[in-house]
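Participant: Can you look at this prediction? I've put the sequence above it.
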Amino acid sequence: MAELLRFVAAHFPSPSDIKTLLRDFGLDSVADRRASKLSGGERRRLALAMAFAGNPQAVFLDEPTTGLDVEARQIFWHTVRRYHGDGGTVFLTTHYLEEAEALADRVVLIDRGHVVEQGTVAEIKARVDVKRLRFRATAVPDLNGFADANMDDGWVIIDSADTDALVRNLVSASIDFHDLEIEPVSLEDAVVATFRGERQEHKS
């Protein structure tokens, strides 16, 4: 397998170091194994290593972590961050929005061939203008205007544009709650809200 990486790297004037690639993609232990004998996840990691073999200035990756386990995905994320930190550029298409949130400087949302939204992760999340309030309680409280509250493993979760008012309502209603947390919505939540708004506009 290492020989295959060396073969690919030999086609470029300033290739990456093969030992570094094997280490970065967690392939050290199978370096002497034939590519045909690799597991599915190992083959995916080998394909990614080959994309970086030529020490490119930019890399285009389409759904690169499909089929990778959690550990291999973390290895890939670490490698991409380091590559970018060294000045490289990655163009990444992915349906794993937590991956885009973890790696991307800039995100472009495309629906049916049209750009729906673009910007930094923070900018896209900010445009939704909603925060997530979480707290522990024995049941979902009855609060007018917050019908979207739901329960998940002992946590009550409510998305609201005015979390300050929501907390005041909780206190004034003498709701028994604890472990209160307020956080921005995730990129996935922001994307869902963005596409929902786009489709509602198309219908109206």
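Facilitator: Arrived safely, thanks for sending.
Participant: For this protein, give me the ranges with low pLDDT.
Facilitator: 144-148, 196-204 (pLDDT under 70).
Participant: Which parts of it belong to which domain?
Facilitator: Following automatic domain parsing, one finds the domains of the chain at 2-93, 131-184.
Participant: how far is stretch 46-64 from where the chain is centred?
Facilitator: Stretch 46-64 has its C-alpha centroid displaced from the chain centroid by 18 Å (C-alpha atoms, centre = their mean, to the nearest Å).
Participant: For that stretch, measure first residue to last.
Facilitator: The first residue of stretch 46-64 is 11 Å away from its last residue (C-alpha to C-alpha, to the nearest Å).
Participant: try stretch 169-189
Facilitator: Stretch 169-189: ends 24 Å apart by C-alpha to C-alpha.
Participant: Stretch 59-66 now?
Facilitator: End-to-end distance of stretch 59-66 (C-alpha to C-alpha): 17 Å.
Participant: Quick one: residues in contact with it.
Facilitator: Under the contact criterion C-beta atoms under 8 Å, 6 or more residues apart in numbering, stretch 59-66 has outside partners 44, 48, 51-52, 72-73, 76, 83, 88-96, 99. Using the backbone N, CA and C atoms, a C-beta is placed for each residue, glycine as well.
Participant: Please list the members of the residues you listed that lie in strands.
Facilitator: Among those, the ones falling in strands (DSSP state E) are 89-93.
Participant: neighbour-wise, which of these leads?
Facilitator: Counting neighbours by other C-beta atoms under 10 Å, residue 90 leads the ones in strands among the contacts of stretch 59-66 with 20 neighbours.
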